[in-house]
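Asker: Here is a sequence with its predicted model. Questions after.
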Amino acid sequence: MIDDETTLRGVDLVRSFGDGEGRAVALRSVSIELRRGQFALMMGPSGSGKSTLLAILSGLLPPDEGDVWVRDDMGDRSLWKMTRREREDYRLRQIGFIFQGYNLFPALTARQQLEIVLRWGYGTSSSESRKRADEMLSLLGLGKKSHLLPGQLSGGEKQRVAIGRALIKNPRFCFADEPTSALDWAHGEQVVELLRTAAHERGATILTVSHDSRLLPFVDVSFHLEDGRLSRSDSELEMPKPSATPLRSVS
Ligand SMILES: Nc1ncnc2c1ncn2[C@@H]1O[C@H](COP(=O)(O)OP(=O)(O)OP(=O)(O)O)[C@@H](O)[C@H]1O
């Protein structure tokens, strides 16, 4: 573990959808704290609010109440009090996403999917981007498939490209929604190892949603969300020490 400081804190998050009789309360007052270098798992039944919480913590969906505090080189900041532009910039630079549906560009090869993250997001040179994309694809066992389009890859291969795309920028945070669902366990385990390495060796804070309890032995902490309420499970294996400099609370 590189460090044990708190890097993300969701405080009293409430979110519902719709009005009147059709109103669905997805989150009822959820607080969560994650630390640098921590690999966290969130489980819970279908419809319990997991994707909603992931979207709020990652700046994609505003909460009705509550806030999300993030710590970066600029200090402690409220994600939901940033301007839209600041939040988009924050997401682009600091957050890697792995979605269930891969979200790959159909017209780009596996290598190009990774290269554009570095070229557009960071202005990395084309030769350096290509080198890093190739390194990441080899790590993912896709070295020989880097020239193929998403339509020419299997579901599991597409998922590995999506994971490479999320991790290639060495993000401060990575949010993953069912990252192993399309994979057999041999590949799923590789993916989990990659996420764990990104957390433990590169200091990323990783929160993954999964129904797959085989992930439990790999994570540092697990949370259970049910009916819009979050609890921490007791399967914590390697909890970092309490932070000496916690993020300040929302007043
Ligand atoms: N855009 C939306 N419009 C209306 N209701 C929504 C919307 N998004 C989520 N909900 C509702 O909020 C609740 C929580 O949904 P959410 O997708 O967060 O659950 P989940 O735990 O991720 O489910 P799953 O495991 O099936 O993906 C559900 O009752 C869902 O129907």
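Answerer: Arrived safely.
Asker: so who does the residue sitting nearest the centre point of the chain touch?
Answerer: Residue closest to the average C-alpha location in the chain (C-alpha atoms, centre = their mean): Phe175, at 1.0 Å. By C-beta atoms under 8 Å, 6 or more residues apart in numbering, Phe175 lies in contact with Leu54, Leu57, Ser58, Ile95, Gly96, Phe97, Ile98, Ile206, Leu207, Thr208. C-beta: built from backbone N, CA, C; applies to glycine.
Asker: Looking at those residues, which are in helices?
Answerer: Leu54, Leu57 (DSSP state H).
Asker: Can you go through the contacts of Phe175 and name the buried ones?
Answerer: Neighbour-count burial (16 or more other C-beta atoms under 10 Å) is assigned, among these, to Leu54, Leu57, Ser58, Ile95, Gly96, Phe97, Ile98, Ile206, Leu207, Thr208.
Asker: Keep those residues, but drop any that are not near the ligand.
Answerer: Among these, proximity to the ligand is found for none (C-beta under 6 Å from any ligand atom).
Asker: and of the residues you listed, the nearest to Val192?
Answerer: Nearest to Val192 among the buried ones among the contacts of Phe175: Thr208, at 8.5 Å, using C-beta to C-beta.
Asker: roughly how far apart are the residue lying closest to the closest one once chain neighbours are set aside and Asn103?
Answerer: Once flanking residues are discounted, Thr208 sits nearest to Ala176: 4.1 Å by C-beta to C-beta, 6 or more residues apart in numbering. From Ala176 over to Asn103 the distance is 12 Å, taken as C-beta to C-beta, to the nearest Å.
Asker: Looking at those two, which one has more neighbours?
Answerer: Remark: of Ala176 and Asn103, Ala176 carries more neighbours, 25 against 13, as counted by other C-beta atoms under 10 Å.
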